[in-house]
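Peer 1: when you get a sec, could you give me coordinates for this:
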Amino acid sequence: MNKNIFTFIGFDNEFEDSQIVLFGAPFDGTTSFRPGTRFAPNIIRNDSFGLETYSPYLNKDLEDYMLFDSGDLDFPFGNPQRIIDMIKEHSKAIVNAGKIPFMIGGEHLVTLGSVQSVYEKHNDLHIIHLDAHADLREDYMGQKLSHATVLRRCHDFLGDGRIHQFGIRSGTKEEFTWAKDHVDMHPFSLDGLKEVIDELKDKPVYITIDLDVLDPSIFPGTGTIEPGGISFLELVGAFKEFSRLNNIVGMDAVELSPHYDQSGMSTAVACKVIREMALIAVK
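Peer 2: From the prediction side, this is the model:
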């Protein structure tokens, strides 16, 4: 893979030497309310240089690890299945090289392609999903590929008990009813995360964070705002729990729509989340 000359801070090493490979998936073609997540990856890269590479929360520094940014995928318009296939292909090349794919969205549907690639190598894969929304609809207005259906599509091949959801505070009655028998949902908060980490400590885990899990007072720059979210320090507590996982095999952070927050606060939050996520995965 060719190096991206416009990188997230600290992700400027060579592909061959790196543990984690970052890439952008600038797609928002199934967004159901306010679009704009396609602009997130590049704006995140630009604003990342307002960060330090050192995390005082985790006492780790991006500069101490080998990290690579392969840039954004170049998507066609109007074909969600083609876009999922392109993400899967790119992520698969990363996985097959023995590295961890780390995707910046984009809307949440992009998670499907990356999870598919990781699942091909790790059939006992589990997903930890932080989000305001359940994303468990069978379809959205007749469409099976949507940011509102992405975790249901992951369940199609993962099966029961392999998706662990936290912070969920929005969804249809049918989603919440279906979840009781098929996924491990912890609504409204991060309660139960420690126990899930204990259970999954040595298993392959994919972490997907929809940034709207945060309260909109902290993170207003997103397409579908849901009051009642977690605080940033609660999310930092989750990162400390994630750092106990021994086999993180893929990650993503999605659903920043930067233009809905002209202060830049939401983008700054996204940058910090990405730094912490990278540092929990490196060993």
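Peer 1: helices of the stretch 151-283 of the chain, start to end?
Peer 2: 173-182, 193-200, 232-242, 265-281 (DSSP state H, counting those that start in this stretch).
Peer 1: the second one: which residues count as buried?
Peer 2: Meaning helix 193-200. By neighbour count on 16 or more other CB atoms under 10 Å, the buried set for helix 193-200 is 193, 196, 197, 200. C-beta coordinates here come from the backbone N, C-alpha and C atoms, glycine included.
Peer 1: same thing with the longest one?
Peer 2: In terms of neighbour count (16+ other CB under 10 Å), helix 265-281 has its buried residues at 266-281.
Peer 1: please name every helix or strand in contact with that helix.
Peer 2: strand 20-25, helix 40-47, strand 54-55, strand 100-105, strand 205-210, helix 232-242, strand 248-254 (3 or more CB pairs under 8 Å, 6 or more residues apart in numbering; DSSP states H and E).
Peer 1: can you put the helices of the stretch 151-283 of the chain in a markdown table and add mean pLDDT and distance to residue 4?
Peer 2: Rendered in a markdown table, the data for the helices of the stretch 151-283 of the chain read as follows (pLDDT from 0 to 100; distance: least, CB to CB, whole Å):
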| stretch | mean pLDDT | distance to residue 4 |
| --- | --- | --- |
| helix 173-182 | 98 | 37 |
| helix 193-200 | 98 | 32 |
| helix 232-242 | 98 | 25 |
| helix 265-281 | 98 | 15 |
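Peer 1: Throw these into JSON lines and include distance to residue 14, thanks.
Peer 2: Shown next, in JSON lines, are these (distance: least, CB to CB, whole Å):
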{"stretch": "helix 173-182", "distance to residue 14": "42"}
{"stretch": "helix 193-200", "distance to residue 14": "31"}
{"stretch": "helix 232-242", "distance to residue 14": "26"}
{"stretch": "helix 265-281", "distance to residue 14": "16"}
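Peer 1: what's the closest of those to residue 39?
Peer 2: Smallest distance to residue 39 across these (CB to CB): 10.0 Å, for helix 265-281.
Peer 1: quick one: that closest one to strand 248-254, angle?
Peer 2: Here the directions of helix 265-281 and strand 248-254 differ by 180 degrees (axes from the mean of the first three to the mean of the last three CA atoms, to 10 degrees).
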